[in-house]
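Novice: Below are the sequence and a predicted model; questions follow.
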Amino acid sequence: MATFGRPPDRVNVLSLVAAGLAAFALAALALLHVYWARGGRWPAEDEVGLVHTVVGATKDERMPGPLACLAVAAALAVAALLPLVAAGLVSLPLPPGVARGGTLLAGAVLGLRGALGFFEGRFRPAVQPYARLNRRLYSPLALWLAALLVAAAL
């Protein structure tokens, strides 16, 4: 006579896929910020072009300094790691709920950035091509990442 125990825990495939995609994209963005901190100029040819492409209008037409770029890279790297922990793909000695809460917080921050990015032109003038890229790429990417982070945390 066969006995039936508790069925094995079902892996939430959506959470795993969302965590993996979010982690990959956020890690790539973190590496891009490290590249900029070290003086890289892609996707432009010079600093002014880079400012006009990825930052928008600034007073002195200069990129943020290396420390600012590294701080953003560190935040993005943590944001890349948290959904992996929340989805159970990576194990870290964190109190229960910290990875999930941090993942949701990162999702909220990126969701806010994405939503406000569509209205940024009303708050500050932005140069081209940043203004166009912000509407077509940066803000939608932030919203996509926010959705992935929330899906990874749930």
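Specialist: Okay, I see it.

Novice: ok, and for the lowest-mean-pLDDT helix or strand in the chain, which residues are buried?
Specialist: Ranked by mean pLDDT, DSSP states H and E, the weakest helix or strand in the chain is helix 120-123, scoring a mean of 82. Applying a neighbour-count criterion of 16 or more other C-beta atoms under 10 Å, the buried positions in helix 120-123 are residue 120. C-betas here are computed from N, CA, C, even on glycine.

Novice: Grab the nearest non-local neighbour of the residue nearest the centre of the chain.
Specialist: The residue lying closest to the centre of the chain (C-alpha atoms, centre = their mean) is residue 26, at 4.4 Å. Take residue 26 and drop its neighbours on the chain: the residue closest to it by C-beta to C-beta, 6 or more residues apart in numbering is residue 80, 3.6 Å away.

Novice: Count the neighbours of the one you found for me.
Specialist: As a burial measure, residue 80 scores 23 neighbours (other C-beta atoms under 10 Å).
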